[in-house]
Each structure stands twice: as C-alpha cells, then as structure tokens.
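*Asks:* sequence and predicted model, in that order:
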Amino acid sequence: MKGTRPLDNKEIRLVSACFDGTFEARNRGLFMLGVSTGGRISELLSLQIGDVYQNRKAVGDLLYDKSIVKGGEMSRAVPVNVDGRQAIENLISWHREKYKTIAPSRPLFPSRNKNGSVAMNRQTAHEMLKKAFQAAGLNGKLATHSLRKSFAQRVYEESGDIYLVQELLGHRNVSTTQKYIGVNYATAREAVEAMALEAKAASSERDRTDLLSRSFRFLGGELKETADETLFLELALRGYDLSKLRKNNETTAEIIKIG
C-alpha cells in the first residue's frame, strides 16, 4: 500500500506481543514471517504448510513460487532467519493442536471457517494487523504492506546493499526498491541533534579536554600541578609539539613548533 511506513525492531517486538486469542499463533506467525521474509500479503496468504515445513523441520529458505508472486514475476528464494523459523515451528505446533493435521496442502494461514481448509483473506489479515498496530500504540500509516517494507528497511540497514534488497524483494527495477528504503528516523534524530550549536559546543569542549589529557599523558605525567593547563592546551591546539618540552623547569618558550 502506497505511503505505508516500515517498523523498526522495537516496534516489531511491541506488535508481536499484542496477539492473543484462539488464533494468536496464526496471527503472530503471519506478522513475523512477513517482517522476516518480505513476502507480499497475497504471497504469505497463499503459502501452504508444505512450503515452509519439510523433513519435519522449518525450511531454511522460503520459495515464493512464480504461481503466487504478484504479476507473475520471477520466483524468488528468501533465507529464513531464526525469527522466521521460530514462527514456522509455532505455526506447525498450533496446526497440530487445533486441526490434528499438518498435511502439506493445507493453508498455512487458515480462515476461521471450514475447519481451516481455506486460507484467510486479505481483508481479515488487514483488520487483524490493524488491531495489533493500535494495541501496540503505534502511529503513522501502517498496513499489511508495512511488513514487507520493514523487511526491506532492516535488510538494507544491515547490509547497505540495495541490490541485495532488490533481489530478496523480487523487484525487476532497483528504482522500485528505492521507494521501499525510507529514512531511519532514529538515525535522523541523532544527526539533527548532533548538528545543534549547543551540541557542537559541548563536543568541542570534550575534544579540547581529551587533547589536553592526551598531551599530559604523552609527557609522561611530568607536568607539575601548578602548570597553566589552559596555556598548554592552546599550544597543543596550535600545533606545538609538547614532547619537546624539557623536564627541568624550563619555560614554555622553549617548546619547538612542529614543521
């Protein structure tokens, strides 16, 4: 959905804790698999148990087959991290308990109707996630597509490689992927705060103090307690080599300038 924003890791944890009820495992599983593999909501809802659970364990790579990919684009494989694998394992346990079967052809995210033999629809998924976002106290434009955008943003922040993100999302053009990569507002806030005049002044003072401390250590701690610290700091900042200061109480005029 155009204009939706991604979630950061803190928000993902908040939302994950907001699912409850009979279909808690299904709903949390859909959310976590979405933010962990970057599937479109249509792709996620088309998954069957056999797509994610093979040889009695969660798959390490999830194949979004061409038959379920939007617009018939290329199939793509996405590595499944520990969050995604845990979501799959929890889903399988839930299927076993509720439906007494994990037949490969059954929908991974079943509807409440027909004993879980049909998949939940997009509108149900949208309403379910909307309630979770609200319960988590999140603001901004959030919807099912936020899951896919969250995956894209997190992969980009970890790798810095937009072409990797393009591959994992299955985009034909990197220009499409660029629209998924938004501003990290935590980083933006730090940058804006750091450029403030007050912050610059505090940073400058810290730098001056650090330089003075390093200069004294470089001299082996030989300066007397009565030394004019401000003078020595200014000399150091102006490029004077304080290591040339003699130790026999000679004046600072005998400091030799570098170069």
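*Replies:* In hand now; what should we look at?
*Asks:* please parse the protein into its domains.
*Replies:* Domain assignment of the chain by automatic domain parsing yields the ranges 9-183, 196-254.
*Asks:* following the one helix or strand Leu147 maps to, which helix or strand shows up next?
*Replies:* In the assignment (DSSP states H and E), Leu147 maps to helix 145-159. Counting by DSSP H and E, the next helix or strand C-terminal to helix 145-159 is helix 162-169.
*Asks:* relative to helix 145-159, how tilted is that following helix?
*Replies:* 140 degrees (axes from the mean of the first three to the mean of the last three Cα atoms, to 10 degrees).
*Asks:* quick one: mean pLDDT for whichever strand or helix holds Glu89?
*Replies:* Taking DSSP H and E as the criterion, Glu89 maps to helix 82-99. In this model, helix 82-99 carries a mean pLDDT of 97.
*Asks:* roughly how far does Ser150 sit from His171?
*Replies:* Ser150 is 16 Å from His171, where distance means Cβ to Cβ, to the nearest Å. From N, CA and C alone the C-beta is placed, and that goes for glycine too.
*Asks:* one more: Ser16?
*Replies:* Relative to His171, and taking Cβ to Cβ, Ser16 is found at 27 Å.
*Asks:* neighbour count: the two, which is higher?
*Replies:* Comparing Ser16 with His171 by neighbour count (other Cβ atoms under 10 Å), the higher total belongs to His171, at 20 against 17.
*Asks:* just the element for the closest residue to the more buried one other than its chain neighbours, please.
*Replies:* Counting by Cβ to Cβ, 6 or more residues apart in numbering, Thr177 is the residue found nearest to His171 once chain neighbours are left out, at 4.9 Å. Taking DSSP H and E as the definition, Thr177 sits inside helix 174-178.
*Asks:* need the contact list for Val165.
*Replies:* By Cβ atoms under 8 Å, 6 or more residues apart in numbering, Val165 lies in contact with 152, 155-156, 159, 177, 180-181.
*Asks:* name the nearest residue to Leu91, ignoring sequence neighbours.
*Replies:* Distance criterion Cβ to Cβ, 6+ apart; nearest residue to Leu91, sequence neighbours excluded, is Gly29 at 4.2 Å.
*Asks:* element containing that neighbour, please.
*Replies:* Here Gly29 is assigned to helix 24-37, by DSSP H and E.
*Asks:* and for His126?
*Replies:* helix 122-135.
*Asks:* pull the residues that contact that helix.
*Replies:* Contacts for helix 122-135 (Cβ under 8 Å, 6+ apart): 15, 18-19, 27, 30-31, 41-42, 44-45, 109, 111, 142-144, 146-147.
*Asks:* got it, and stretch 105-115?
*Replies:* With Cβ under 8 Å, 6+ apart, stretch 105-115 has contacts from 23, 26, 29-30, 44-45, 47-52, 91, 95, 99, 116-121, 124-125.
*Asks:* quick one, phi psi at Tyr53?
*Replies:* Phi and psi for Tyr53, reported as degrees, to the nearest 10, are phi -130, psi 110.
*Asks:* just to revisit the earlier point, counting by contacts, list what the helix holding Leu147 packs against.
*Replies:* When contacts are defined as 3 or more Cβ pairs under 8 Å, 6 or more residues apart in numbering; DSSP states H and E, helix 145-159 packs onto helix 24-37, helix 41-45, helix 122-135, helix 162-169.
*Asks:* appreciated, that's everything.
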